[in-house]
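[1] Structure, please.
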Amino acid sequence: MDYRNDRQLVADYLSGDRHAFKLIVRRHRQRMYFAARSYARNEQDAQDIVQDALFKAARSLHTYRGDAKLSTWLHRMTINAAIDHQRKDDRARAIRAAREREEQREERRRIRAERKGK
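    Purely as a prediction, here's the structure:
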């Protein structure tokens, strides 16, 4: 069992100890998942959100100042990742809807052209 606190794990990770981040993940992943699940449409989306948040956390852990608990910082990373995920999902839905409308217009034009041609 590793008894290092979060601040020590962060410092160790920033010093090159890759195992320290694995311990951070193990310690905080479940809470991050619950936060993500409140924003996600399904379990897979929640897992994707947590994965994105952890990736961003690993890349930006050097910006963690320690003013708040690491769990608070990771929670914020998770919420931001969830918002990003929703935006991507909303954009994808809007693009699909626009394509469907365009396909419907094209179909109506084709039908009108066929009627005129007969």
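
[2] can you tell me which residues contact the residue nearest in space to the middle of the chain?
    In the chain, the residue lying closest to the centroid (CA atoms, centre = their mean) is residue 49, at 3.0 Å. Counting by CB atoms under 8 Å, 6 or more residues apart in numbering, residue 49 touches 36, 39-40, 78, 81-82, 85. In short, each C-beta sits where N, CA and C put it, glycine included.

[3] so which of those comes closest to residue 106?
    Relative to residue 106, the closest of the contacts of residue 49 is residue 85; by CB to CB it sits at 31.7 Å.

[4] What's the mean pLDDT across stretch 41-61?
    Across stretch 41-61, the average pLDDT comes to 96.

[5] Would you mark the buried spots in that stretch?
    Within stretch 41-61, the residues scored as buried using 16 or more other CB atoms under 10 Å are 45-46, 48-50, 52-54, 57, 61.

[6] Show me where this structure has its helices.
    Residue ranges of the helices in the chain, as given by DSSP state H, are 6-14, 18-37, 43-60, 70-117.

[7] Buried ones in the shortest one, by neighbour count?
    Which is helix 6-14. Residues 6, 9-10, 12-13 are the ones in helix 6-14 that count as buried (16+ other CB under 10 Å).

[8] Equivalent analysis for the second one, please.
    Of the residues in helix 18-37, those scored as buried under the neighbour-count criterion (16+ other CB under 10 Å) are 20-21, 23-24, 27-29, 32-33, 35-37.

[9] So which elements touch it?
    helix 6-14, helix 43-60, helix 70-117 (3 or more CB pairs under 8 Å, 6 or more residues apart in numbering; DSSP states H and E).
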